[in-house]
Structure formats: C-alpha cells, structure tokens
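Enquirer: no FASTA, just this:
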Ligand SMILES: [Zn+2]
C-alpha cells in the first residue's frame, strides 16, 4: 500500500467500487487517445456534415457499454435572420442509449457532441505542459463524453448493474440552446430519478451548484421606408422602435434581484437617406428562479408592446426561457451532499459554486429530475482557443462517476428519496 492509497478512504469503497476503479485506471491512456481523436473532428454547432459524420463514430464508442443505441432525428431549428425572416437549420440526430428500462432505479446521463468552434477556426491539439492539453472540445465536452462512456463500461462490469437502468442522451445542439434535442432530453429525464451531465468542472475540480435560467428573445420591428429628404413624413422608423425597446430593456436591470438583461445586437436599416423599415433586436435574460423568470418575460413582452405603439410599427416576438432556472432546493442539496461524500471516498474534496451559466442540467431539472451537471473533465478557458483539459482528470472523473452509479445502484445514494424531495 502506498501513501496515495492510505489517503483514500478505502473503508468507503465497496468491492464493486474497487474493481471499477482499477478498471478505469487501466483505461487512462485509451481515454486520452480517444478524446484527442475526437477533438480533431470538427463538430461546430452549425456544421451539420461534421456532426453527422461524428455521430456514427460516437455511437460506436457508446455501444461498448452494451446498451441499445438509437439515432433520433432532431426537428429543424428555426432562426430569425438579420432581415427578420425565419430560416431553418437541420442539425444531426440525438444519439440515445438505453439499458434496463424496467430496473427499479433509473438514471439519465446527458452530454453534447457539438462545440462552439466552426470549421477552420480552432483545430489544433497542443500539449501545453502541466499535464494539460489544449484543443477544441477537449473539455467542453468530448472529454466529458469519454468519461461518461468509461464510467458506464466499468459499471456494467460490476455486480450491481441489474439494480439500475439508464438512458444516455447525446445532443448535437447544446451550444445553441438544445432547440432540436430538448424534447428527447425531457422525455428521458422525466422518468429518471437522478440526472448526470458531463460538462467540465473547473481546473481545481470545483463544480456547479445552482444555475440561473437563460432566455433569448429575437424581436423584429417592421416600419415603413421613405426618402429621408423628400418625404420623411411617410416613413415609420423600425430602428427608432428598436432603440426605444433597447433602452426600456436596459432600464429593467437592477429592478428584480438576480435578473440581468442584455441587448446583444440590433440589425436593421439601410442608407442614411432612407427611413429604416426593418430592425431585428437580439437580447438575453438570466434569472435565478421561476418567479423572477416570469417577471422578466412579462416585462420584456411589455417593452415590446410599448414599442409597437409607435406610429406605423408592427412586429414579431420570438423566444423565451429555453433553459429554466435550476436553483438549489432540498433535492439538489441532498444530491450535492451525497456526491461530496462519494468524492471523499476517492480522496477528492468537492466544492460547489452557483453560476449564471446554463447547460442541459437546467433542462433535466425542468423535467423534475434532480441532477449534477459538471461530472466531466477538469478544464478551463472553454469557448476560447485556449480551451484545455487536465489529462489525468479523465480517469479521476470517470472514477467519480462510476462510484456515483454504484452508490445509486446499491442504495448508498437513495435516488428515489432524492427525487421525492423535488415535489416537497
Ligand atoms: Zn458544454
């Protein structure tokens, strides 16, 4: 026994835990090889061809768990273009894996295989020292999917597997809001007792507790164009309606605790001698809980209605809270504390922080299922070309995930009791 083994609370590990951990330890190099291979394949959210090609490779890796695999087509995503017109984008399918739907305890595991990087933007993988690799999607979240698959494989080789069934949902559109894949997440999440999502944790291993909800609104104003010199009185400026709306939105900041609103862009108008007939405003809201999200939605809508009162202005209003808030509640607190205990058995002291950032964990929570959503690799600088993954965290976090699965299966984590706390 070496010093590292003594530090780990071995008495907290079951026989199944020890077997799973040694299996995962032996997979570290294979995991590293897999994730770097995956990082080299571009799967930007709008790269349908890249996503489709990768989905086949990913499904094959997922099939190593022995679960039944399906490809579920996603509905086209509607987008408002800069001219205020609706356009459609067809993404790749959701990959679903299911095992033992009739088991007493059910878990949903989710992850996304898209990245924020379009083709030819960030494609190199570099060793940046200190045990870190820099590359697209290594942390967010091809590393997390690698962790998930190895944890499931190790769980499947254990003795308690018949007590737990699961559904895996891997989505092609998380970075753009899960607009095509949300129905599949909700469908699988509502029947599950616990959700596990594999977004990266911080470099120091700290994880996310509560999350705000996130809304996006695309608001289109139509006016009437006219010559700005000859007959400006015949024109109705859509840009002025957009400007009034933007200022009213800005003024909502600070009016409700924890709610922030941001007008991200205004497109519209033309030459300086034309009264502008079209403006498209894109804005976002973050809100910590349901009452504040309702307040924000009502007030954004009211600001829109007010701008429509300008002479000759009509409009379209799109959007809403596509990711509802995921506040801490009794169920989440109990789950976080059980996961903290699980971490101790591995010698990890896990901490949780609240954030304004959002992910699929919000959606799983909205389906009524408590979840922990930062079970992926340790990493940082995600969504930038400095994105990195801490390589040793592949097996570390796969170890954590399989221990959580083992504890849910053998009852040390009481999944049904935790789920019941959602409705209390
Ligand atoms: Zn992510």
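Expert: Good, I have the coordinates. Given the structure is predicted, the values throughout are model-derived calculations rather than measurements.
Enquirer: wait, what's in contact with the residue nearest the centre of the chain?
Expert: By C-alpha atoms, centre = their mean, the chain has its centre lying nearest to residue 359, at 2.5 Å. When contacts are counted by C-beta atoms under 8 Å, 6 or more residues apart in numbering, residue 359 touches 174, 197, 199, 211, 323, 373. C-beta here means a position set from N, CA and C on the backbone, and glycine is covered the same way.
Enquirer: now do the SS call for the second one.
Expert: Yep, that's residue 197 we're talking about. Three states are possible here, and by DSSP: H, G, I helix; E, B strand; the rest coil the one that applies to residue 197 is strand.
Enquirer: tell me the bridge partners for it.
Expert: With DSSP bridges applied, the residues forming beta bridges to residue 197 are residue 110.
Enquirer: count of residues packed around the residue in the stretch 151-300 of the chain that the ion sits nearest to?
Expert: Closest to the ion within the stretch 151-300 of the chain is residue 199: 4.8 Å, counting by C-beta to the ion. Burial of residue 199, expressed as a neighbour count using other C-beta atoms under 10 Å, amounts to 26.
Enquirer: next: residue 251.
Expert: Close neighbours of residue 251, defined as other C-beta under 10 Å, add up to 12.
Enquirer: list the buried ones in whichever strand or helix holds it?
Expert: Residue 251 is part of helix 238-252, with elements assigned from DSSP states H and E. Within helix 238-252, the residues scored as buried using 16 or more other C-beta atoms under 10 Å are 238, 239, 240, 241, 242, 243, 244, 245, 246, 248, 249, 252.
Enquirer: list the helices and strands that helix packs on?
Expert: In terms of contacts (3 or more C-beta pairs under 8 Å, 6 or more residues apart in numbering; DSSP states H and E), helix 238-252 is packed against strand 213-222, strand 260-268, strand 278-287, helix 290-308.
Enquirer: who touches residue 78 in this structure?
Expert: 86, 87, 88, 179, 318.
Enquirer: before we move on, the earlier item: looks like the residue of the stretch 151-300 of the chain closest to the ion contacts residue 144 (just checking).
Expert: Yes - applying C-beta atoms under 8 Å as the test, residue 199 and residue 144 come out as touching, 6.2 Å apart.
Enquirer: need the overlap of contacts for those two.
Expert: When contacts are counted by C-beta under 8 Å, 6+ apart, the set common to residue 199 and residue 144 consists of 375, 376.
Enquirer: ok, back up a step: just the buried subset of the contacts of residue 78, please.
Expert: With neighbours counted by 16+ other C-beta under 10 Å, the contacts of residue 78 contain buried members at residue 179.
Enquirer: can you list the residues that contact stretch 399-406?
Expert: 13-14, 16-17, 20-21, 24-25, 107, 147-148, 150-152, 154-155, 158, 160, 164, 196, 198, 339, 342-343, 345-346, 348, 372, 375, 412-413.
Enquirer: that should have said stretch 374-387, apologies.
Expert: 111, 116, 121-122, 134-141, 143-148, 196-205, 207-208, 388-390, 393-394, 396-397, 400-401, 404.
Enquirer: could you check the pLDDT of residue 84?
Expert: Among the per-residue scores, residue 84 holds a pLDDT of 83.
Enquirer: grab the nearest non-local neighbour of it.
Expert: residue 220 (4.0 Å; C-beta to C-beta, 6 or more residues apart in numbering).
Enquirer: count of residues packed around that neighbour?
Expert: Residue 220 sits with 23 neighbouring residues when counted by other C-beta under 10 Å.
Enquirer: repeat that for residue 197.
Expert: For residue 197, the neighbour count with other C-beta under 10 Å is 28.
Enquirer: what do you get for residue 209?
Expert: Look at residue 209: counted by other C-beta under 10 Å, it has 19 neighbours.
Enquirer: what of residue 85?
Expert: Neighbouring residues of residue 85 were enumerated by other C-beta under 10 Å; the total is 11.
Enquirer: ok, it to the ion distance?
Expert: Counting by C-beta to the ion, to the nearest Å, the gap between residue 85 and the ion amounts to 30 Å.
Enquirer: in stretch 227-239, what counts as buried?
Expert: Going by neighbour count (16+ other C-beta under 10 Å), the buried part of stretch 227-239 is 235, 236, 237, 238, 239.
Enquirer: now do stretch 182-197
Expert: Within stretch 182-197, the residues that qualify as buried by neighbour count (16+ other C-beta under 10 Å) are 182, 184, 185, 186, 188, 189, 192, 193, 194, 195, 196, 197.
Enquirer: so how far is it from its chain's centroid?
Expert: Relative to the mean C-alpha coordinate of its chain, stretch 182-197 is positioned 13 Å out (C-alpha atoms, centre = their mean, to the nearest Å).
Enquirer: and that stretch, end to end?
Expert: Across stretch 182-197, the straight-line distance between its terminal residues is 14 Å, by C-alpha to C-alpha, to the nearest Å.
Enquirer: quick one: average confidence on that stretch?
Expert: The average pLDDT within stretch 182-197 is 97.
Enquirer: now stretch 291-303
Expert: Rounded mean pLDDT across stretch 291-303 is 97.
Enquirer: what of stretch 148-163?
Expert: Across stretch 148-163, the average pLDDT comes to 97.
Enquirer: first to last residue in that stretch, what's the distance?
Expert: First-to-last residue span, stretch 148-163, C-alpha to C-alpha: 19 Å.
Enquirer: does the helix or strand encompassing residue 154 reach the ion?
Expert: When secondary structure is defined by DSSP H and E, residue 154 falls within helix 143-156. No - residues of helix 143-156 are not located near the ion by C-beta under 5 Å from the ion, the shortest gap being 7.5 Å.
Enquirer: gap between the closest residue to residue 213 other than its chain neighbours and the ion?
Expert: Of all residues beyond its chain neighbours, the one nearest residue 213 is residue 325 (3.5 Å), with distances taken as C-beta to C-beta, 6+ apart. Separation of residue 325 from the ion (C-beta to the ion) stands at 18 Å.
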